[in-house]
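Enquirer: Could you look at this predicted model? Sequence included:
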Amino acid sequence: MAEFLGKISTFIWGSGLVFLLLLTGIIYTLKLGFIQFKLIPRLIHCTHKSRGNINGSSQFRTVCMSLGTAMGTGNITGVAAAVSIGGAGSIFWMWVSAFLGMALVYAENCLSVTYSSAEKRGPMAYIEKGIGSRCLAVFFAIMCIGACFGMGGMVQVNSYAQHLENCISVNKYMIAAASFILIFLVTSGGAKRIGTTAQMLLPAASLLYMAVSAAVLFRFRERLPQVFTDIFSEALGLRQTLGGAAGFTVSKAVSVGIRRGIFSNEAGLGSSPILHSSAENSSPQLQGLWSMFEVFFDTVICCTLTALVILCAAPDLSIETAFASVLGNNSTVFLALEMIVFAFCTIIGWFYCGSAAYRYISGKNNSRGLCLAFAAAASIGAVAELRTVWTLSDIFNGLMALPNLLGLLLLVKKVKSE
């Protein structure tokens, strides 16, 4: 069964879907006049100009909730795996993925604000109302619920539980019980409590992670020029050309880097527009610009810092080794705590996505039953082997992207007019 699901996942996340994501990103980059280069001045202008009402979550809470969904444990362990498999050149292609992804999330959020209502949010709204397909919208919602319970819940708890168990020898059943209680307490409070929790946790954890990373890079600053040289030369295969290995090296770097970028920032998957639909400000431009900033911060800043730290300070390509150069034996505890915060923000953010999908299908508001079911399923991740769940989560994520990208391609004119 696991082998069969693995083949399905490989097929879905094959070159076809990656090409479709990149093509859609290129189309919107051109149609929107390379809006990525205008992000900061436009964001400042729109933030000062726009005024929200008193309902809904604040813009900062919304940004933290959305950013928290993208910044899971993959920003640490996933980047290390990308460098190990694809080499330094994969980082360059991760930047390319993020650049095109910024145009994608801008389009997603513009459409979401335009079409969303209390009952229909994000891609479910613009797929049904924009392109007139209730069936595709329901299909997206079902896949979103699957991704919510899998990648958004069980997988994240499993990731931090393993690190906690290794570094402080805590019993995994205690981790499961604590996870259940905390997840239920936060998710049962709805969007406001989810956003407030993300607002309390994410900025502090991100700044601390960036500060420690900067300390490592400062210590090994003499290696930075060579690392950047390796990133660009390996990305384009310049170093390997004479040896005849360029083709394989470039293809591996492109494949790993682009996929890592997609999994990191989730551009094109449809989660960002669901989360931004909770914002009190209904300006399509403002929500689009903030979502672009989230992709930039997640991939170009945080993932790049992780990659540079590994390449500068860890011959074994281990983030623990790199941080040990400045934190000593405290590096494992520090990383475990960072992963808990990033993972927990991902968990509660993905619950909001799943609950919006559930509400769309059932027509009912979120119940405590859904919170209990999600908290229970997520906490199981602390005590169970999740190879099949990992694979199913990849499948759900890929199948979320397909109807979402179709909607984006068919509504290009609408985004441009907005």
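Expert: On my side now, so go ahead.
Enquirer: so where is this protein shaky, pLDDT-wise?
Expert: 1-2, 47-57, 237-264, 280-282, 366, 418 (pLDDT under 70).
Enquirer: Show me where it has its strands.
Expert: Taking DSSP state E as the test, none of the chain falls into strands.
Enquirer: mind listing what residue 177 touches?
Expert: residue 379 (CB atoms under 8 Å, 6 or more residues apart in numbering). C-betas here are computed from N, CA, C, even on glycine.
Enquirer: Then residue 133?
Expert: Taking CB under 8 Å, 6+ apart, we find residue 133 in contact with 127, 403.
Enquirer: Next, it: phi, psi?
Expert: Residue 133 adopts backbone torsions of phi -130, psi 100, taken as degrees, to the nearest 10.
Enquirer: Let me see the backbone angles for residue 268.
Expert: Torsion angles, degrees, to the nearest 10, at residue 268: phi 100, psi -10.
Enquirer: Tell me, how many residues neighbour it?
Expert: 28 (other CB atoms under 10 Å).
Enquirer: my guess is it contacts residue 103, does it?
Expert: No. Judged on CB atoms under 8 Å, residue 268 makes no contact with residue 103 at a distance of 10.0 Å.
Enquirer: where do the contact lists of the two overlap?
Expert: If you check residue 268 and residue 103 against CB under 8 Å, 6+ apart, the residues they both contact are residue 25.
Enquirer: ok, and the closest non-adjacent residue to residue 138?
Expert: residue 361 (6.2 Å; CB to CB, 6 or more residues apart in numbering).
Enquirer: how far away is the residue most central in space within the chain from residue 228?
Expert: Per CA atoms, centre = their mean, the C-alpha nearest to the average position across the chain is that of residue 70, at 2.4 Å. As for residue 70, its distance to residue 228 is 25 Å (criterion: CB to CB, to the nearest Å).
Enquirer: now do residue 40
Expert: Residue 40 is 23 Å from residue 228, by CB to CB.
Enquirer: neighbour-wise, which of these two wins?
Expert: Set residue 40 next to residue 228 and count neighbours by other CB under 10 Å: residue 228 wins out with 15 against 12.
Enquirer: Hmm, the residue nearest to residue 138 is touching residue 144, no?
Expert: No. The pair residue 361 / residue 144 is not scored as a contact, 9.7 Å apart, by CB under 8 Å.
Enquirer: Which of the two has more residues huddled nearby?
Expert: residue 144 (31 against 14).
Enquirer: right, and the more buried one touches residue 266 too?
Expert: No. With contact defined as CB under 8 Å, residue 144 does not reach residue 266; the gap is 11.6 Å.
Enquirer: List the contacts of the residue nearest to residue 138.
Expert: 138, 141-142, 145.
Enquirer: again, but for residue 339
Expert: Residues in contact with residue 339 (CB under 8 Å, 6+ apart) are 73, 76-77, 159-160, 163.
Enquirer: gap between residue 20 and residue 12?
Expert: Counting by CB to CB, the gap from residue 20 to residue 12 is 11 Å.
Enquirer: Repeat that for residue 78.
Expert: 18 Å.
Enquirer: hmm, back to that, any of the contacts of residue 361 buried? List them.
Expert: The neighbour-count test (16 or more other CB atoms under 10 Å) marks 138, 141-142, 145 as buried among these.
Enquirer: want to try a markdown table for those, with distance to residue 203 as columns?
Expert: Formatted as a markdown table, these follow (distance: CB to CB, whole Å):
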| residue | distance to residue 203 |
| --- | --- |
| 138 | 36 |
| 141 | 31 |
| 142 | 34 |
| 145 | 29 |
